[in-house]
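Need coordinates for the below:
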Amino acid sequence: MRIDHVIYAAGNLAAAAARLESELGATAVAGGRHQGLGTRNLIMPLGEGYLELLAVRDPEEAASSALGAALQARIAHEGDGLMAWAVAVDDIEPVAARLGTAITTITREGLTAQLTGLAESLREPFLPFFVARDPGVRDPGAGGYGGGISWIEVAGDAGRLERWLGDAEIPVRISEGVPGVRAVGIGDRELRT
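Next comes the predicted model:
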């Protein structure tokens with residue numbers, strides 16, 4: 001297991017990309033539209049891991065999906081910022097069985113993957129969801145420059161997070177405050193919400 005990506009909620013993809021490119025020295029590339037979620041994204045490949053800039057594409061469709069609705073609420077109440085994080089696993093089924101969570105599929109141009117724990121991570125945003133890309137799907141973080149994701153900082157229940165991650169050794173820092181993603185280390189830089 002490793003940190004796969006961190007989702008950055010963006011009211012305006014182009015403006016968020018320009019700001020983050022300047023701040024982080026990495027380049028955002030085309031992602032695509034998520035089928036059935038009402039969302040679209042840009043990807044900032046970091047070498048090991050990536051930053052996903054996520055925006056609402058279709059407000060009506062987004063309102064009918066858990067991820068789209070959570071993104072709309074995040075932007076409306078807090079504006080742009082770090083929203084969620086994902087941990088990559090080779091096999092999603094044992095993780096879902098251990099946690100008692102449903103497995104869902106996400107699809108966008110050039111990507112299909114299985115997810116588990118997404119609903120729980122949207123309710124308790126200090127928890128990651130888990131992702132396993134389908135065979136032959138390229139890792140969106142590969143080939144990028146930015147130093148990779150070196151750590152993540154979250155505010156929330158440390159014991160709950162430890163149980164959620166199981167035996168995984170993930171570089172997570174726990175802070176005080178309202179539960180959620182607070183910061184991410186990208187190479188020797190830091191992006192703080």
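
Most remote residue from the middle of the protein, which is it?
Most distant from the centre of the chain: Glu60, at 22.1 Å, with distances by CA atoms, centre = their mean.

tally of neighbours for the closest residue to that one other than its chain neighbours?
Distances taken as CB to CB, 6 or more residues apart in numbering place Gly38 nearest to Glu60, at 7.1 Å, with adjacent residues excluded. The way it works is simple: take the backbone N, C-alpha and C, and place the C-beta from them, glycine included. Neighbour count of Gly38, defined by other CB atoms under 10 Å: 23.

any idea how far stretch 134-141 is from the chain center?
Computed by CA atoms, centre = their mean, to the nearest Å, the separation of stretch 134-141 from the middle of its chain amounts to 15 Å.

Quick one: end-to-end length of it, please.
Length of stretch 134-141, first residue to last, CA to CA, to the nearest Å: 15 Å.

Same question for stretch 18-35.
Stretch 18-35: ends 25 Å apart by CA to CA.

Check what contacts it and list those residues.
8, 17, 39-46, 51-53, 57, 67, 106-111, 140, 144-146, 186, 189, 191 (CB atoms under 8 Å, 6 or more residues apart in numbering).

out of those residues, which are inside strands?
8, 39-45, 51-53, 106-108, 111, 186, 189, 191 (DSSP state E).

Is it possible to mark the buried ones in the residues you listed?
8, 39-45, 51-53, 106, 108, 111, 186, 191 (16 or more other CB atoms under 10 Å).
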